[in-house]
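Undergrad: Fold the following, please.
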Amino acid sequence: METICIATKKGVELYKTSNIIRIQGMSNYCKIYFADKRYPLTVAKVLHWFEEHLPAEVFWRTHKTHLVNNSFVQKMNTTSKPYLLLSNGETIAVSRRRAPLFKIAG
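TA: Numbers count the residues shown, from 1 in each chain. Next up, the predicted model:
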């Protein structure tokens, strides 16, 4: 079981990577969305930090603002505006530049 240490207001906490649905970057902060939690966790880390510390074969960089856990991807849309449909019902845009990496360039 993979885990990641993340510094929060409460101190350093361990989180299971298999429980992370997606991470949204917002300037110098990120919001982490979990499968078993109702509210996202906001941390003072940039998205690039997560990209370096999480397994690349599991977490896909879909856009300049998102990392997505591929085990929560239900569908890859192949229209002119590619996106991923997640198991929680959210849709995440895939940039045109990254679309070929997902084999969904249209």
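Undergrad: Where does pLDDT dip in this protein?
TA: 1, 102-106 (pLDDT under 70).
Undergrad: can you rerun that using 80?
TA: Applying pLDDT under 80 to the chain picks out residues 1, 37-38, 78-80, 99-106.
Undergrad: What residues are bridge-paired with residue 67?
TA: residue 23, residue 61 (DSSP bridges).
Undergrad: Can you report how many residues lie near it?
TA: Other residues near residue 67 come to 24 when the count uses other C-beta atoms under 10 Å. (Glycine included, C-beta is placed from N, CA and C.)
Undergrad: swap in residue 71?
TA: 13.
Undergrad: Backbone dihedrals for it, please?
TA: phi -70, psi -10 (degrees, to the nearest 10).
Undergrad: and what of residue 47?
TA: Torsion angles, degrees, to the nearest 10, at residue 47: phi -60, psi -30.
Undergrad: isn't it right up against residue 30?
TA: Yes - using C-beta atoms under 8 Å, residue 47 is in contact with residue 30, at 5.7 Å.
Undergrad: got any residues that touch both of the two?
TA: 23-24 (C-beta atoms under 8 Å, 6 or more residues apart in numbering).
Undergrad: what about the two, which has more around it?
TA: Comparing residue 47 with residue 30 by other C-beta under 10 Å, the one with more neighbours is residue 30, at 24 against 21.
Undergrad: With residue 49 as the reference, measure out to that one.
TA: Remark: distance between residue 30 and residue 49 (C-beta to C-beta, to the nearest Å) = 8 Å.
Undergrad: same check, this time on residue 12
TA: Residue 12 is 14 Å from residue 49, by C-beta to C-beta.
Undergrad: For these two, indicate the residue with more neighbours.
TA: Legend: neighbour count by other C-beta under 10 Å for residue 12 and residue 49, higher for residue 49 (15 against 8).
Undergrad: Confirm the more buried one sits in a helix?
TA: Yes - counting by DSSP: H, G, I helix; E, B strand; the rest coil, residue 49 is found in a helix.
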